[in-house]
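Asks: Predicted model and sequence below, questions to follow.
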There are 2 protein chains.
Amino acid sequence: MTTLVKDMSSKLARSAFDLFARHGINNVNMDMIAAHSNCTKGSLYWHYDTKKTVILAACDLYYRNWEEQMRHELANVKDPVKRLKKAVHFSIRHCMVDSKNRVFTLGIMGLALYDEDIKKSWAGFYDMVREFLIVLVNEAKKTGRVKVEDARRVVDLMLVAFEGIKLRTIIEPDFDISAEEKAIYNGLMEVLKCSE
Amino acid sequence: MTTLVKDMSSKLARSAFDLFARHGINNVNMDMIAAHSNCTKGSLYWHYDTKKTVILAACDLYYRNWEEQMRHELANVKDPVKRLKKAVHFSIRHCMVDSKNRVFTLGIMGLALYDEDIKKSWAGFYDMVREFLIVLVNEAKKTGRVKVEDARRVVDLMLVAFEGIKLRTIIEPDFDISAEEKAIYNGLMEVLKCSE
DNA sequence: CCTTTACCATACCAAGCAGTATGGTGTCAC
DNA sequence: GTGACACCATACTGCTTGGTATGGTAAAGG
């Protein structure tokens, strides 16, 4: 029986993202995505040419979600130093502590090793995040309360440490990332030359 | 025609490592490994039960190689601060700048996402490296020339930044890691509170 | 000398899964 | 009312690749 759904593409992408984030991208097949979306594999292929296009749609969903929530976090924050701190806090909570987002993005990194399109997709998001944080660091620097010579350099270092901490959760199951949130925040802020 | 080889297991592991390091682990199949080793797939399976056991053997080879070369690097270095510096320098050259080792270990990280045995193998190596560096930092601290409160904390941060920099090479093809070697070294030494 | 090990050449299997086919119905827009 | 779109149920294909089978020979060890 036909079930017409408005914005079916988005619904499928969201459904796919949920499964990818819960089980790991490589443990999810197209049959599972169709079943989880309450439609048939034929319908899924009506909207998406390949599994890769589904993965890329899930990526876009993730990027959009990050932007939207980051904008919301900083909406009523005027002070540049506070904005920077809140941005880092949010990133830790959203991309690291949130296990679904963490599992998804680690899976994307794994795929980026072998697939050019997925690599470019992630690189685009990574660049966007970096430029965004560089702007925040430069604004904080203008206040005189943050002593940073090269905003780009400290943001780069902070971001690689950030991704490295996510990797660490793969190999250390006992690494309680929620409990370590404050220590992680302090470590990353120190890298940004912005410690209390 | 039979070709008997001494220490065939090691030869196969080394051959496999070479292919994994050159093409990426997921792009290498058992037929390729047999061909590259100048033997048949039947022979390969005589020595190794599964592809996974081949990968784990290649890991052990990598770990052994790291230990051996690190020991060699520090053989005639007595000064604790010099030993720490040399260790970090060597790690950058061996695990990051060396593209084969970098490709191999990134591939292992990708597999560790989904396979418990590979995860444990890598975790074991990671722990060994960490404990080793903590000892070096503590010895350097004793000289009074390195101001570190918590050796474990700074080594952890340095290691996650290290792994994060490797990830960055996946998404930034123009990131010339050899050219950046000095900047990377300086950044990591700063994290270790050991900058010049 | 006999048994076991260590290989060989070659074919084969299985299994999973991405992706396609097909004949259909319901919905929507004009 | 008609054509295009958006789905359906179900079967099917292809294909890659890990892993196995089989009957063999050469080398090694006792």
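Replies: Sure thing, it's come through. All values reported here derive from a predicted model rather than from experimental measurement.
Asks: Enumerate the residues of chain A near DNA strand C.
Replies: A:1-2, A:4, A:29-31, A:41-42, A:45, A:49-52 (CB under 7 Å from any atom of the strand). Quick note: C-beta positions are derived from backbone N, CA and C, even for glycine.
Asks: want to throw those residues into JSON lines with secondary structure and distance to DNA strand D?
Replies: As requested, those are exported to JSON lines (DSSP: H, G, I helix; E, B strand; the rest coil; distance: CB to the nearest atom of the strand, whole Å):
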{"residue": "A:M1", "secondary structure": "coil", "distance to DNA strand D": "6"}
{"residue": "A:T2", "secondary structure": "coil", "distance to DNA strand D": "5"}
{"residue": "A:L4", "secondary structure": "coil", "distance to DNA strand D": "5"}
{"residue": "A:N29", "secondary structure": "coil", "distance to DNA strand D": "11"}
{"residue": "A:M30", "secondary structure": "helix", "distance to DNA strand D": "10"}
{"residue": "A:D31", "secondary structure": "helix", "distance to DNA strand D": "9"}
{"residue": "A:K41", "secondary structure": "helix", "distance to DNA strand D": "6"}
{"residue": "A:G42", "secondary structure": "helix", "distance to DNA strand D": "4"}
{"residue": "A:Y45", "secondary structure": "helix", "distance to DNA strand D": "9"}
{"residue": "A:D49", "secondary structure": "coil", "distance to DNA strand D": "13"}
{"residue": "A:T50", "secondary structure": "coil", "distance to DNA strand D": "13"}
{"residue": "A:K51", "secondary structure": "helix", "distance to DNA strand D": "12"}
{"residue": "A:K52", "secondary structure": "helix", "distance to DNA strand D": "15"}
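Asks: Quick check: of the residues you listed, which lies closest to B:M189?
Replies: A:K52 (40.6 Å; CB to CB).
Asks: ok, the closest one - how many residues close by?
Replies: Using other CB atoms under 10 Å in any protein chain shown, A:K52 has 13 other residues around it.
Asks: Isn't it up against A:K119?
Replies: No. If you go by CB atoms under 8 Å, A:K52 and A:K119 don't touch, sitting 11.8 Å apart.
Asks: A:K141 - nearest residue in space that isn't next to it in sequence?
Replies: Among residues not flanking A:K141 along the chain, A:V148 sits closest, at 5.2 Å (CB to CB, 6 or more residues apart in numbering or on different chains).
Asks: how near is the one you found to DNA strand C?
Replies: According to CB to the nearest atom of the strand, to the nearest Å, A:V148 and DNA strand C sit 45 Å apart.
Asks: check contacts around that residue.
Replies: For A:V148, the contact set (CB atoms under 8 Å, 6 or more residues apart in numbering or on different chains) comprises A:V137, A:A140, A:K141, A:V154, A:L192, A:K193, A:C194.
Asks: Now the spatially most central residue of chain A: closest residue in space, sequence neighbours ignored.
Replies: Centre of chain A computed as the mean C-alpha position; nearest residue by CA atoms, centre = their mean is A:C95, 4.8 Å away. Excluding the flanking residues, the one nearest A:C95 by CB to CB, 6+ apart is A:N101, at 5.5 Å.
Asks: Secondary structure element holding the one you found?
Replies: Element membership for A:N101 (DSSP states H and E) is helix A:99-112.
Asks: who touches that helix?
Replies: Under CB under 8 Å, 6+ apart, the answer for helix A:99-112 is A:17-18, A:20-22, A:24-26, A:55, A:58-59, A:62, A:94-96, A:118-119, A:121-123, A:163, A:166-167, A:169-170, A:177, B:109-110, B:113, B:167, B:170-171.
Asks: The helix or strand following it - what's its average pLDDT?
Replies: Using DSSP H and E, the helix or strand that directly follows helix A:99-112 along the chain is helix A:116-142. On average, the pLDDT along helix A:116-142 is 96.
Asks: Could you do stretch A:16-31 as well?
Replies: According to the model, stretch A:16-31 has a mean pLDDT of 96.
Asks: Can I get the contacts of A:V148 in a markdown table including neighbour count and distance to A:S37?
Replies: Shown next, in a markdown table, are the contacts of A:V148 (neighbours: other CB atoms under 10 Å in any protein chain shown; distance: CB to CB, whole Å):
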| residue | neighbour count | distance to A:S37 |
| --- | --- | --- |
| A:V137 | 26 | 41 |
| A:A140 | 24 | 43 |
| A:K141 | 19 | 47 |
| A:V154 | 21 | 43 |
| A:L192 | 22 | 41 |
| A:K193 | 16 | 46 |
| A:C194 | 21 | 43 |
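Asks: a markdown table for those, including distance to B:A75?
Replies: A markdown table is the format used below for the contacts of A:V148 (distance: CB to CB, whole Å):
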| residue | distance to B:A75 |
| --- | --- |
| A:V137 | 43 |
| A:A140 | 46 |
| A:K141 | 45 |
| A:V154 | 36 |
| A:L192 | 38 |
| A:K193 | 37 |
| A:C194 | 41 |
